[in-house]
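Novice: here is the input, now give the coordinates:
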Amino acid sequence: MSAIDDTTVRTGPSDGAALRGRAAPAGVSTIPLPRDSVRAAARPAGPATAASAVPAAASTGVADLLRGPVRPARVLLSGPAAVYVQVVGERGGGDVVGVMTSDAARLPLGCILFRPSNGRPLVGLPPGAPAEVGGGRIVVGDLAVSAAAWWDPRPRLPGGRPALLPEGVRQLRTTLYGEGMPHSAFTLPGLPTGPGGPLAALRGAVRRADLEAALRTATRLVGLGPGLTPAGDDVMAGTMAGLVLLGHPAAERFAAGVCSLAAGRTTELSRALLRHAAAGRVSGEYAAVLRGLVGERPLAPAIERLLATGATSGRAMALGLCTAIDLVDRTARTR
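Specialist: Okay, the predicted model is just below:
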């Protein structure tokens, strides 16, 4: 995940100097920061009042939270490459925002720093530690991060139902499943295998072009698997986003059904990512594969980066994308 473009961003008209950074891995474009947000980013925020804000490229998927009033939040997880905070909601829970280094997976809820993790720009904090989000900033401990540029996590593909390159789809499947291996042999850690498992049920639903049956498998997949983003969730997120972005006529209904199952079944981070997927907002790595499939980007390195994401997340998201491609294709053929 080191193939990223250099970009120059400015935090405001009075800066006087450009901030040289690294942005938009996988070809995701950045969008200049609106003036109102620049002023908001310059205002002091909470416990990091004395600290100068570190600039970042923020996802437009969390723009409303960042531009809105300052709200309390709490740390969900922190590590060398990412810190995730949850904005406190009126009924508990709330939206999740991430601060990530330039070499981390580019998640649609993230603010991407212009520094890699080996420079240790992020300081570890315990879960539950206080944070703030709003006024153009995310404040976590002594770190204040400001939105200095914006990037759009929803890839803009040609046409309402983009045509995918057949050879590209074959390349994705071969790389994911393995050369000469049947799709039925594909497994993910933490997910039951065999003919009665949820992946087998999902494959059966795809063969019949039965979206309702595919949705029923979500009751078995959501929350299934270890980690902050269980593999079952990632499969569903990849499927939802693919259906939305590839123009399946029932994509919105399918996505709403999956998201309704997530409450109380999975982690807050994974639940937030499912909501983004339902709106077609995806990681930069997933978006790059889609762009490769329509011929806009080199496909092989994009697939490699996606499959290398996380312990199982990238492979699970790729499986979801393949599922969506098959459902769109079979639905079109049966009409």
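
Novice: which parts of the chain are strands?
Specialist: Counting by DSSP state E, the chain has strands at residues 5-9, 19-23, 30-32, 54-59, 71-78, 82-87, 96-100, 110-113, 130-134, 137-140, 143-151.

Novice: the last one versus strand 54-59: what angle between them?
Specialist: The one in question is strand 143-151. 40 degrees (axes from the mean of the first three to the mean of the last three C-alpha atoms, to 10 degrees).

Novice: which other helices and strands does strand 143-151 contact?
Specialist: Helices and strands touching strand 143-151, as assessed by 3 or more C-beta pairs under 8 Å, 6 or more residues apart in numbering; DSSP states H and E, comprise strand 5-9, strand 19-23, strand 30-32, helix 35-42, strand 54-59, helix 63-67, strand 110-113, strand 137-140. (Each C-beta comes from the backbone N, C-alpha and C, glycine too.)

Novice: which of those comes out lowest on mean pLDDT?
Specialist: Lowest mean pLDDT within the helices and strands packed on strand 143-151: strand 5-9, a mean of 32.

Novice: right, and the strands of the chain - which one's nearest residue 190?
Specialist: Nearest to residue 190 among those is strand 71-78; the distance by C-beta to C-beta comes to 18.2 Å.

Novice: so how far is that closest one from its chain's centroid?
Specialist: Taking C-alpha atoms, centre = their mean, to the nearest Å, one finds strand 71-78 lying 18 Å from the centre of the chain it belongs to.

Novice: now swap in stretch 255-267 and tell me
Specialist: Relative to the centre of its chain, stretch 255-267 is centred 16 Å away, using C-alpha atoms, centre = their mean.

Novice: quick revisit: and the strands of the chain as CSV, adding distance to residue 292?
Specialist: CSV is the format used below for the strands of the chain (distance: least, C-beta to C-beta, whole Å):
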stretch, distance to residue 292
strand 5-9, 16
strand 19-23, 20
strand 30-32, 20
strand 54-59, 21
strand 71-78, 30
strand 82-87, 25
strand 96-100, 23
strand 110-113, 21
strand 130-134, 34
strand 137-140, 31
strand 143-151, 18
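
Novice: and the pLDDT for the residue nearest to residue 54 when sequence neighbours are not counted?
Specialist: Closest residue to residue 54 in three dimensions, ignoring its sequence neighbours and counting by C-beta to C-beta, 6 or more residues apart in numbering: residue 145, at 5.2 Å. Per-residue confidence (pLDDT) for residue 145: 96.

Novice: quick check, residue 145 in contact with residue 110.
Specialist: No. Residue 145 is not in contact with residue 110 according to C-beta atoms under 8 Å; the separation is 10.4 Å.

Novice: buried sites along stretch 168-179?
Specialist: 168-169, 171-173, 175-177 (16 or more other C-beta atoms under 10 Å).

Novice: among those residues, which one has the lowest pLDDT?
Specialist: For those, the model is least confident at residue 177; its pLDDT is 91.

Novice: how near is residue 245 to residue 289?
Specialist: Taking C-beta to C-beta, to the nearest Å as the measure, residue 245 falls 11 Å from residue 289.

Novice: looking at these two, which is more packed in?
Specialist: Just comparing residue 245 and residue 289: by other C-beta atoms under 10 Å the higher neighbour count belongs to residue 289, 28 against 25.

Novice: without its sequence neighbours, what residue ends up closest to the more buried one?
Specialist: residue 302 (4.7 Å).

Novice: what about the one you found, neighbour count?
Specialist: The local packing count at residue 302 equals 25, with neighbours defined by other C-beta under 10 Å.

Novice: look up how far residue 223 lies from residue 258.
Specialist: Shown here: residue 258 relative to residue 223, a distance of 11 Å by C-beta to C-beta.

Novice: so which of those two has more stuff around it?
Specialist: For residue 258 and residue 223, the more surrounded residue by other C-beta under 10 Å is residue 258, and the numbers stand at 25 against 18.

Novice: my read is that the more buried one contacts residue 215, right?
Specialist: Yes. Applying C-beta under 8 Å, one finds residue 258 in contact with residue 215, separated by 7.0 Å.

Novice: ok, now which ones touch residue 192?
Specialist: Applying C-beta atoms under 8 Å, 6 or more residues apart in numbering, we find residue 192 in contact with residue 198.

Novice: what's the neighbour count on the residue lying closest to residue 246 once chain neighbours are set aside?
Specialist: Nearest in space to residue 246, with sequence neighbours left out and distances taken as C-beta to C-beta, 6+ apart, is residue 328 at 4.7 Å. The criterion is other C-beta under 10 Å. On that basis, residue 328 has 22 neighbouring residues.

Novice: residue 328 reaches residue 249, doesn't it?
Specialist: No. Assessed by C-beta under 8 Å, residue 328 is found out of contact with residue 249, at 9.3 Å.

Novice: brilliant, that's me finished.
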